[in-house]
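Undergrad: pasting the sequence and the predicted coordinates here, then a few questions.
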Amino acid sequence: MKSTIQDLEKTASQIRRDIVRMVHGCQSGHPGGSLGCTDFFTALYFEAMNHDPKFNMDGIGEDLFFLSNGHISPVFYSTLAHAGYYDKAELATFRKLNTRLQGHPTTHEHLPGVRIASGSLGQGLSVAIGAALAKKLNGDKSLVYTLHGDGELQEGQIWEAAMFAPHNKVDNLISTIDVNGQQIDGPTNLVLSLGDLHAKWVAFGWDVLEMKGNDMADVVKTLELAKSRTGQGKPIMILMHTEMGYGVDFMVGSHKWHGVAPNDEQLKLALAQLEETLGDY
Amino acid sequence: MKKYTYTDKKDTRSGFGAGLLEAGRKNDQVVALCADLIGSLKMNDFIKEFPERFVQVGIAEANMMCIAAGMTIGGKIPFTGTFANFSTGRVFDQIRQSIAYSNKNVKVCASHAGLTLGEDGATHQILEDIGMMKMLPGMTVINPCDYNQTKAATMAIAEYEGPVYLRFGRPVVPIFTDPDQKFEIGKAWMVNEGADVSIFATGHLVWEAILAGEKLAEEGIDAEIINIHTIKPLDAEAVLKSVAKTGCVVTAEEHNRLGGLGDSIAQLLAVNNPTPQEFVAVNDSFGESGTPEQLMTKYGLDAEHIVLAVKKVIERKNKNA
């Protein structure tokens, strides 16, 4: 391991504090899903992936990550800053005029670490498949990772990609779904049920794993397991069970915090809770 | 009027197939993707020679566009192929976000554009694609006129860095351009120099404009005919130079009159040199079933309608004089 679990948790704690500050700073954005996925981003960028902050768009010879549910950009931006892609001070510009940190990630502003625009949902899995196919053509043994939201699975294009990847043995791809059960209009099982996700992805021909997405040790262990199962003819799908808003009590598990910014009082409370809950090490 | 002749007729989509094969031979980063229309897109020769560089995505155009975008991230130059309707309207959001906004080096190649898919009817035709694609910032839009020019354009876009929409069709049309031509993106092609009217035509309508020019010459009207194969970026210099000389304009395209080449020219002229203009295009309607020839006549996209438009616009010019 490059880092201890405690080191990773410390980084995750810093990223969570960034998330609430960023969303508070512009009074818009999506804190809930960002906080829920922080452990995954931390484990991915500080443990699992072989990547280079001296950013090159083609990314030949390094692992690539594609964020499909672009609205959780705060966790993506903060992770990239902590990983050395750009100065952490830039996080204060999130969603403000003339920023590279647009509301949803874009390549248009040439932000290092971002290889595709995302926000309109359902496209990221297809993009990742394309990048994985290019790696195979290039004889490049590195891997491609993705993250999607569970509500995002309501987009039909996801299922076009779900069919394509196993048929074409795209086995250098580790995809992840943030299963938090929430979307803007309420619990996912009330808006449009997703059914038995594990059975569905298996039926499409994927190698399916599950993990506790807010348990750093389990995230690290599962990502390692997923890596060990690449190159065996099947794409890998990880169902990552998280709590929306993890780390901030008053946000946890509520779809209301999908896309709402904390006010001044709530920011203070959130930062105090993050320190108390996760520790400042 | 300069004399144009032809000995052969071919579909422009076959020019695409031939160009794709040549582009693939020239550059091993060129890859092709298709949504269950290999034969229609004439991709067979490419697939035969480069099977490992072909991706069959099935009937899943949205997936195809985004896979193509992803492949550019490994340095590939993807050419996607399906009907123009499914290459644009069906996947506008995918092209907008993952290709144009992301500035990916994808070549969206669209066959059976316009009305001339014929008997299949409006569901498989499209008259809005140029408008949709030209509205995307950074997107280059190309609509070549014959087999040779489509082949040359296909090879040229492989060497151009950036997203491109390449539009071509199914019906056989005269081959009247040079087989060894150099295709310059964004550079209009002077078909015939003239003094009385500027005819700016694109795609299949360029040949109709030539036929119209011959008829007009018989009546003493000296038409300047310019092939606007690249609709975006528009060769503003060539358009303005021609209009400064002739003082009136006819645009001709197999597209809805809203949003196509005619609109682009009108907008340019409105700002720089307001000029009488007539539009030979489909008058804001869907198509229908019929043979390509029947449809071109019914929707007013033939030489005869270009002649009528020229006479009308010259009359307006003279009235203003």
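TA: It's in.

Undergrad: so B:Gly58 touches A:Asn168, yeah?
TA: No: B:Gly58 is not in contact with A:Asn168 according to Cβ atoms under 8 Å; the separation is 10.3 Å. Any C-beta I mention is one placed from the backbone N, CA and C, and that applies to glycine too.

Undergrad: between these two, who's got more neighbours?
TA: Using other Cβ atoms under 10 Å in any protein chain shown as the criterion, B:Gly58 and A:Asn168 rank with A:Asn168 on top: 17 against 14.

Undergrad: the more buried one: what's it in contact with?
TA: Taking Cβ atoms under 8 Å, 6 or more residues apart in numbering or on different chains, we find A:Asn168 in contact with A:Ile129, A:Leu133, B:Val55.

Undergrad: with B:Gly75 instead?
TA: A:Asp58, A:Ile60, A:Ala134, A:Asn138, B:Gln29.

Undergrad: need the pLDDT of the fourth one.
TA: In the predicted model, A:Asn138 carries a pLDDT score of 98.

Undergrad: got phi/psi on it?
TA: Phi and psi for A:Asn138, reported as degrees, to the nearest 10, are phi -80, psi 0.

Undergrad: excluding chain neighbours, what is closest to it?
TA: In space, and not counting its chain neighbours, A:Asn138 is closest to B:Gly74: 5.4 Å by Cβ to Cβ, 6 or more residues apart in numbering or on different chains.

Undergrad: kindly report the same for the first one.
TA: Nearest residue to A:Asp58, sequence neighbours excluded (Cβ to Cβ, 6+ apart): B:Gly75, at 4.9 Å.

Undergrad: before we move on, what about the last one?
TA: For B:Gln29, ignoring the flanking residues on the chain, the nearest one in space by Cβ to Cβ, 6+ apart is B:Ile77 at 4.9 Å.

Undergrad: which strands or helices does the longest helix anywhere in chain B pack on?
TA: Ordering each helix of chain B by length in residues (DSSP state H) puts helix B:303-320 first. Helix B:303-320 makes packing contacts with strand B:197-201, helix B:205-218, strand B:249-256, strand B:277-282 when contacts are defined by 3 or more Cβ pairs under 8 Å, 6 or more residues apart in numbering or on different chains; DSSP states H and E.

Undergrad: thinking again about what came up before, what's the farthest-apart pair in the contacts of B:Gly75?
TA: A:Ile60 and B:Gln29 (11.9 Å; Cβ to Cβ).

Undergrad: quick one: which of these two has more around it?
TA: Shown here are A:Ile60 and B:Gln29; by other Cβ under 10 Å, B:Gln29 has more neighbours (20 against 16).

Undergrad: returning to that earlier point: looking at the helices and strands packed on helix B:303-320, spot the one closest to A:Pro105.
TA: Set against A:Pro105 and scored by Cβ to Cβ, the helices and strands packed on helix B:303-320 come closest in strand B:249-256, at 34.4 Å.

Undergrad: helices of the chain, residue ranges please.
TA: Using chain A here. Here chain A has its helices, by DSSP H, at A:5-26, A:31-36, A:38-43, A:73-82, A:124-138, A:157-167, A:188-191, A:197-204, A:216-228, A:264-278.

Undergrad: wrong one, chain B
TA: B:12-26, B:38-41, B:44-49, B:61-72, B:84-88, B:92-94, B:129-134, B:147-158, B:205-218, B:236-246, B:261-272, B:292-298, B:303-320.

Undergrad: list the contacts of the residue nearest the centre of chain B.
TA: Residue closest to the average C-alpha location in chain B (Cα atoms, centre = their mean): B:Asn143, at 1.5 Å. Applying Cβ under 8 Å, 6+ apart to B:Asn143 gives the contacts B:Ala113, B:Ile130, B:Arg167, B:Phe168, B:Thr202, B:Gly203, B:Ile228, B:His229, B:Ile231, B:Glu253, B:Leu261.

Undergrad: isn't A:Ile238 right up against A:Thr176?
TA: Yes: with contact defined as Cβ under 8 Å, A:Ile238 counts as touching A:Thr176 (4.5 Å).

Undergrad: most neighbours per residue, which of the helices of chain B?
TA: helix B:61-72 (a mean of 31; mean count of other Cβ atoms under 10 Å in any protein chain shown).

Undergrad: coming back round to it: now the longest helix of chain B - C-alpha only, CSV.
TA: Presented in CSV, the C-alpha positions along helix B:303-320 are these (Å, rounded to 0.1, in the frame of the first residue of the first chain):
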residue,chain,number,x,y,z
ALA,B,303,-32.0,23.1,-61.9
GLU,B,304,-35.3,24.4,-63.1
HIS,B,305,-36.1,25.9,-59.6
ILE,B,306,-32.6,27.4,-59.5
VAL,B,307,-33.2,29.1,-62.8
LEU,B,308,-36.5,30.5,-61.5
ALA,B,309,-34.9,31.7,-58.3
VAL,B,310,-32.1,33.5,-60.3
LYS,B,311,-34.6,35.3,-62.5
LYS,B,312,-36.6,36.4,-59.4
VAL,B,313,-33.5,37.7,-57.6
ILE,B,314,-32.2,39.5,-60.7
GLU,B,315,-35.5,41.2,-61.0
ARG,B,316,-35.3,42.3,-57.4
LYS,B,317,-31.7,43.6,-57.9
ASN,B,318,-32.8,45.6,-61.0
LYS,B,319,-35.7,47.0,-59.1
ASN,B,320,-33.4,48.2,-56.4
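
Undergrad: ok and the residue in the stretch 151-281 of chain A nearest chain B?
TA: A:Glu160 (3.8 Å; Cβ to the nearest Cβ).

Undergrad: quick check: residues of the stretch 101-250 of chain A near chain B?
TA: By Cβ under 8 Å from any Cβ of the partner chain, the residues of the stretch 101-250 of chain A that approach chain B are A:106-108, A:115-120, A:122-124, A:126-135, A:137-138, A:140, A:156-157, A:160-161, A:163-164, A:168.

Undergrad: pull out the buried residues from the helix or strand of chain A with the lowest mean pLDDT.
TA: Using mean pLDDT, DSSP states H and E, helix A:264-278 stands out as the lowest-scoring helix or strand of chain A, at a mean of 87. For helix A:264-278, the neighbour count (16 or more other Cβ atoms under 10 Å in any protein chain shown) marks A:Gln266, A:Leu267, A:Leu269, A:Ala270, A:Leu271, A:Gln273, A:Leu274, A:Leu278 as buried.

Undergrad: report the contact partners of the fourth one.
TA: By Cβ under 8 Å, 6+ apart, the contact set of A:Ala270 is A:Val20, A:Val248, A:Phe250, A:Met251, A:Pro262.

Undergrad: ok, and the most crowded of those residues?
TA: A:Val20 (28 neighbours).

Undergrad: with adjacent residues omitted, what lies nearest to that one?
TA: Nearest one to A:Val20, counting by Cβ to Cβ, 6+ apart, is A:Ala270 at 4.5 Å.

Undergrad: cool, B:Ile126 as well?
TA: Nearest residue to B:Ile126, sequence neighbours excluded (Cβ to Cβ, 6+ apart): B:Asn85, at 4.1 Å.

Undergrad: how about that neighbour, what does it touch?
TA: Applying Cβ under 8 Å, 6+ apart to B:Asn85 gives the contacts B:His112, B:Thr123, B:His124, B:Gln125, B:Ile126, B:Asp129.
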